[in-house]
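# Okay, sequence plus prediction incoming.
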Amino acid sequence: MSKNFGPLHPKAQEESADRLAATSLGPEDQKRLYHFMTLTRRVEARLSNLYRQGKVVGGLYSGHGQEATSVGSAYALGPDDFMGPIIRNLGSMLVRGVQPREVMTQYMARGTSPTGGKDGNTHFGDLERGLVAPISMLGALIPVMAGVALAGRMEGKDWVALTYIGDGGTSTGDFHEGMNFAAVENLPLVVIAENNGYAYSTPTRKQMRCRDIVSKAVGYGIAGEIVDGNDVLAVYEATRRAVERGRQGGGPTLIESKTFRMKGHAEHDDAGYVPEELFEEWAAKDPIARFEKHLLSTELASQEELDGIAAEIEKSLDAEVDFALESPFPPAERALEGVFA
Ligand SMILES: Cc1ncc(C[n+]2csc(CCOP(=O)(O)OP(=O)(O)O)c2C)c(N)n1
């Protein structure tokens, strides 16, 4: 077990609010992190508009506020590693090489989407890019990704499997079975538990007795770490350590990311159950604004450069949205193609 964030003195908390973890990443990599976090937020903002125009088929699930966890963790993976994202990990998928147009066409169920309009939101994978498809069943990816880690060992490969789980998801049977199996088999599995305070509308204290999710690592006899989930550098460093541990035969790691979901469970949920003060408290710790301040204060980037990155993203997204809107829905005759169950 490593770090544990106890409550800080309010003054110390204020002073440290903008300070980020020490990192081994150079300026170019840090600017890439900024690019991916900004891209994630802007893609979701575009999707939110499209949802309001009735263009999205099904729900829209946002990772707003959790971009640092998705982007920082995915950035720590090597090219041959595997990742199984869940619904709020759009940022992880973008880091892994998913293009915004794949996400737009998928959310709008167009024939040009990765599933040809057969599934919605981010429910698609691509093993070539080391991407195992997200699924809706909470916890179900944990045993699947433990299996991916085991497959690597059986094939004599050194890949690591990384996946995510929400605070609510850590109470499922699949989570326990998958973690326990990975632990006894000493598999290179990294699990990022995103503790965003609510499992849909259920506050964390109402669905688990322990204060920190990371306590569960003790029960499995594996390494665990708590990380400030709104600090992209801290998330990157913790994941990098866990990935190295897994690759070197040190077994699984459970990383608890303390973060916050700045929207409802999905776009149709107004999050009326979350007290306003909590939104205000977490807005002050916004991962992108914090990282922007860090890049400016350390002079790793100028305001002009950061504005340029954001402008470039907006321009490219205009084209991506147009592509998706101009894409036709799939023809009815293709409905059964590639359907196995
Ligand atoms: C096995 C299972 N049970 C219930 C659900 C319905 N469900 C979808 S999301 C959700 C809450 C998820 O909470 P959490 O894991 O904390 O993730 P968050 O939405 O807070 O990011 C529930 C109960 C489901 N998808 N799968």
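All right, it came through fine.

# Tally up the residues packed near the residue of the stretch 51-200 of the chain found nearest the ligand, please.
Closest approach between the stretch 51-200 of the chain and the ligand, counting by CB to the nearest ligand atom: residue 166, at 2.2 Å. Quick note: C-beta positions are derived from backbone N, CA and C, even for glycine. Using other CB atoms under 10 Å, residue 166 has 25 other residues around it.

# Kindly report the same for residue 330.
Neighbours around residue 330, by other CB under 10 Å: 18.

# Is it part of a helix or strand, or is it coil?
coil (DSSP: H, G, I helix; E, B strand; the rest coil).

# Show the contacting residues for it.
Going by CB atoms under 8 Å, 6 or more residues apart in numbering, residue 330 touches 110-111, 116-118.

# I'd say the residue of the stretch 51-200 of the chain closest to the ligand and residue 199 touch.
Yes. With contact defined as CB atoms under 8 Å, residue 166 reaches residue 199; the gap is 6.2 Å.

# Tell me the residues on this structure that lie near the ligand, please.
Selection of the chain residues close to the ligand by CB under 6 Å from any ligand atom yields 88, 136-138, 166-169, 172, 196, 198-200, 261, 265.

# By neighbour count, which of those residues wins?
residue 88 (27 neighbours).

# ok, now which ones touch it?
Residue 88 neighbours (CB under 8 Å, 6+ apart): 61-63, 66, 70, 164, 166, 194, 261.

# per-residue confidence at the closest residue in space to residue 259 that isn't next to it in sequence?
Taking CB to CB, 6 or more residues apart in numbering, and ignoring the residues beside it in sequence, residue 259 has residue 229 as its nearest neighbour in space, at 3.2 Å. The model reports residue 229 with a pLDDT of 98.

# Same check on the one 5 residues further on?
On the pLDDT scale, residue 234 is placed at 98.

# Skipping adjacent residues, who's closest to it in space?
Using CB to CB, 6+ apart, the closest residue to residue 234 is residue 21 (3.7 Å).

# For the one you found, which residues are in contact?
228, 231, 233-234, 237.

# Sort out for me which of those residues are in helices.
233-234, 237 (DSSP state H).

# Going by distance to the ligand, which of those wins?
For the ones in helices among the contacts of residue 21, the nearest to the ligand is residue 234 (19.6 Å; CB to the nearest ligand atom).

# a strand runs through residue 165, doesn't it?
Yes. Counting by three-state DSSP, residue 165 is part of a strand.

# That one contacts residue 195, correct?
No. Applying CB under 8 Å as the test, residue 165 and residue 195 come out as separate, 9.7 Å apart.

# if we can go back for a sec, check the contacts of residue 88 and tell me the two furthest apart.
62 and 164 (14.7 Å; CB to CB).

# I'd like the average pLDDT over the helix or strand harbouring residue 147.
Element membership for residue 147 (DSSP states H and E) is helix 141-154. Averaged across helix 141-154, the pLDDT comes to 98.

# So which elements touch that helix?
strand 82-84, strand 161-166, helix 173-184, strand 189-195 (3 or more CB pairs under 8 Å, 6 or more residues apart in numbering; DSSP states H and E).

# just so I have it, where are all the strands in the protein?
82-84, 161-166, 189-195, 198-199, 202-203, 223-228, 253-258 (DSSP state E).

# same for the longest one, what does it pack against?
Spelled out, that is strand 189-195. helix 67-74, helix 141-154, strand 161-166, helix 232-247, strand 253-258.

# Of all the ones you listed, which one is nearest residue 335?
helix 141-154 (26.4 Å).

# how about the closest one: buried residues?
In terms of neighbour count (16 or more other CB atoms under 10 Å), helix 141-154 has its buried residues at 141-150, 152.

# Show me which of those is closest to residue 129.
Nearest to residue 129, judged by CB to CB, of the buried residues of helix 141-154 is residue 148 at 13.7 Å.

# who are the neighbours in contact with residue 341?
Contacts of residue 341 by CB under 8 Å, 6+ apart: none found.

# pLDDT score for it?
75.

# cool, and residue 29?
At residue 29, pLDDT is 98.

# try residue 56
pLDDT, residue 56: 97.

# Excluding chain neighbours, give the residue nearest to residue 273 in space.
Once flanking residues are discounted, residue 273 sits nearest to residue 201: 4.4 Å by CB to CB, 6+ apart.

# thought the one you found was touching residue 261?
No. Counting by CB under 8 Å, residue 201 does not reach residue 261; the two are 11.1 Å apart.

# Look up how far the ligand lies from the residue sitting furthest away from the middle of the chain.
When distances are taken from the C-alpha mean of the chain, residue 333 lies farthest, 35.3 Å away, according to CA atoms, centre = their mean. Look at residue 333 and the ligand: by CB to the nearest ligand atom, to the nearest Å, they are 32 Å apart.

# For residue 43, give me its contacts.
Here residue 43 is in contact with 90, 94, 100, 103-104, 317 (criterion: CB under 8 Å, 6+ apart).

# Could you rerun that using 10 Å?
Neighbour list for residue 43: 90-91, 93-94, 98, 100-101, 103-104, 107, 313, 317, 320-321 [criterion: CB atoms under 10 Å, 6 or more residues apart in numbering].
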